[in-house]
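Colleague: output the structure for:
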Amino acid sequence: MTRHELKEQLEHDQFTETISGFVEYASTHRQELIRWVAIAVIVLVVAGGSFWYVRHRNSVREQDLNNAFAIADRPVGPAAPGVASFPNQAAKDQALLKAFSDVVAKDGGSKQGLIAEYYLGALKAKNGNVKGAEANLSHVADSSSQVAPLAKIALAQLYAGDNKLPQAQTLLQSLVNKPSDLVSRAQAQILLAHLDEASNPQRAKQLLQSVSKETKDPVVDRVVQQLSSQMSK
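Modeller: A predicted model of the protein is given here:
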């Protein structure tokens, strides 16, 4: 409210009458008013404490996720003095599985927990645990998390590798219909065209032609040209 609007409201008769009534009530119900003011203060303190707790929990979850990413950043093999490393990729993968699993178990359902679950699912897929990967990625894909589109792509790749093309196509089509900051409409169309290349080459070409007409991104256009060239052979 601007100072001008506030002045107009203060000059309004009905508002003035309301204030006068409150003053009169306060003078005749002083003890009751004090009690309610005390209650209001307690409520505000509790609300403030709750807000602090929510912020604190969020910072704790961020730290949990950052700790897992710190493990992902560790190199494999010999490293510089004072830098922690893993003897091999298998050891690193095991440490990552545990780290991301711990975040999911502790912070599951939160923004950080869903990000961790996406990485956990992708890691399981990489290591051949298809069933476990599908469970994690499906959960994230069905959420409102910012990484849900990425989970849909990973899940589509998983389905395609398991010859479940209709399920994979449905997921990618949902990204075409509802693009996001992480996965644009053009990117989703390219992925869908690549998936359709063998089973429905005509549709794949139509998708690429559509992207070529709409896109202004030189990188996307270059990918479209490469795929189109491959399909023409």
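Colleague: now do the SS call for the residue lying closest to residue 146 once chain neighbours are set aside.
Modeller: Of all residues not flanking residue 146 in the chain, residue 182 sits nearest, at 6.8 Å (CB to CB, 6 or more residues apart in numbering). (Glycine included, C-beta is placed from N, CA and C.) Secondary structure for residue 182, judged by DSSP: H, G, I helix; E, B strand; the rest coil, is coil.
Colleague: tell me the confidence at the residue nearest the centre of the chain?
Modeller: By CA atoms, centre = their mean, the chain has its centre lying nearest to residue 146, at 2.1 Å. For residue 146, the pLDDT comes out at 89.
Colleague: correct me if wrong: the residue nearest to residue 146 contacts residue 152.
Modeller: No. Here residue 182 lies out of contact with residue 152, judged by CB atoms under 8 Å, at a distance of 10.3 Å.
Colleague: wait, is the residue nearest to the centre of the chain part of a strand?
Modeller: No. The assignment for residue 146, made by three-state DSSP, is coil rather than a strand.
Colleague: one step back: ok, the residue nearest to residue 146 to residue 175 distance?
Modeller: 10 Å (CB to CB, to the nearest Å).
Colleague: what touches both of those two?
Modeller: Taking CB atoms under 8 Å, 6 or more residues apart in numbering as the contact definition, residue 182 and residue 175 share the neighbouring residues residue 149.
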